[in-house]
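>>> Got a predicted structure here, sequence first:
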Amino acid sequence: MIDFTSFHNNLEGSSITNIIIISLLSFALSSLIGITYERTSQEIEKPRYFIQALILISVPVAGVMQAIGDSLAHGLGLLGALAIIRFRTTLRNPRNIAFMFASIAVGVATGVYGISIAIIGTIMFCLIAIVLHRSHLGKSKYVIGFLQFDLSNKDLSNSTIGEEITSSINSKCEKVVLLNYVIKDIKRKKKIKGMSHFEYKIKITEKHIATNLVREITGKFNLLNVKLTFKDDYEKI
């Protein structure tokens with residue numbers, strides 16, 4: 001078993017050597033977190049600036065924790081200084097928040113000379129992230145799509161066409177939600193035509209099934225301005 005006690009005791013203090021060692025250790029551990037994020041992220045375009053932030057943030061956090069030490073006055077001064085700073089960057093993905101918090105935790109642990117906690121915690125976090133990525137929780141079973149189209153009010157006057165369109169969409173999708181329905185006037189060839197605009201949110205197994213569905217209902221029901229977009233991240237609807 002690895003014993004970090006003697007290493008921990010040798011590092012305590014604010015000598016230049018200790019500061020350099022703590023900075024390098026926090027950098028190495030946060031780099032492992034950044035690599036794990038890059039390898040397990042399902043985003044098509046990896047946010048390289050976010051990965052750089054994951055790697056960089058632990059170093060200043062460790063430095064701040066070393067500067068505070070056991071001083072209550074230093075801690076209160078830091079709290080006041082951070083209250084002035086406004087961090088306006090929004091992390092919309094909860095998974096990104098978890099990785100950022102892990103990198104900050106590495107900086108805190110190394111900054112207070114919790115070497116064993118920092119190393120073991122980082123390794124366990126990365127292993128769990130890899131396991132989740134390879135499990136069924138890391139794989140999307142469904143694709144979320146947004147279907148929009150216009151339909152002439154003249155065609156919509158047919159009492160059954162609305163039910164037929166809904167039935168056709170439901171036959172191909174796991175779940176369908178009508179997000180918006182608007183009646184509007186559209187100018188076509190110097191004539192005003194009454195149109196109804198529909199917006200659906202659909203959950204479907206494959207993208208090509210959705211595109212086949214669009215081709216089918218467009219020709220069958222004379223739909224206009226058909227638009228199909230996809231959301232890569234799985235979410236419940």
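Cool, the structure landed.
>>> Where does pLDDT dip in the chain?
Low-confidence segments of the chain, defined by pLDDT under 70: 1-14, 44-46, 70-91, 138-141, 155-159, 184-193, 232-237.
>>> Can you report phi and psi for the one residue sitting closest to the centre of it?
The residue lying closest to the centre of the chain (CA atoms, centre = their mean) is Asn93, at 2.6 Å. Backbone torsions of Asn93, given as degrees, to the nearest 10, read phi -90, psi 120.
>>> In this structure, which helix is the longest?
helix 16-40 (DSSP state H).
>>> And for Leu147, the neighbour number?
23 (other CB atoms under 10 Å). No exception for glycine: its C-beta is placed from N, CA and C like everyone else's.
>>> I misspoke; the intended subject was Lys220.
Lys220, neighbours per other CB under 10 Å, totals 12.
>>> does the residue lying closest to it once chain neighbours are set aside count as helix, strand or coil?
For Lys220, ignoring the flanking residues on the chain, the nearest one in space by CB to CB, 6 or more residues apart in numbering is Ser168 at 7.2 Å. Classification of Ser168 using DSSP: H, G, I helix; E, B strand; the rest coil returns helix.
>>> where's Ser168 relative to Asn96, distance?
Ser168 sits 38 Å away from Asn96, going by CB to CB, to the nearest Å.
>>> try Phe230
Counting by CB to CB - Phe230 and Asn96 are separated by 21 Å.
>>> Neighbour count: the two, which is higher?
Legend: neighbour count by other CB under 10 Å for Phe230 and Asn96, higher for Asn96 (17 against 13).
>>> tell me the contacts of that one?
Listed by CB atoms under 8 Å, 6 or more residues apart in numbering, the contact partners of Asn96 are Pro47, Phe50.
>>> Cys126 - how many residues pack around it?
20.
>>> which residues in the protein form strands?
143-152, 175-188, 191-204, 224-231 (DSSP state E).
>>> Packing partners of the third one?
The reference is to strand 191-204. Counting by 3 or more CB pairs under 8 Å, 6 or more residues apart in numbering; DSSP states H and E, the packing neighbours recorded for strand 191-204 are strand 143-152, helix 153-156, helix 161-172, strand 175-188, helix 207-221.
>>> how does this protein divide into domains?
The record's domain parsing of the chain by automatic domain parsing lists 5-138, 143-231.
>>> how far does the last one sit from the chain's center?
Centroid separation for domain 143-231 versus its chain: 29 Å, with CA atoms, centre = their mean, to the nearest Å.
>>> All set now, cheers.
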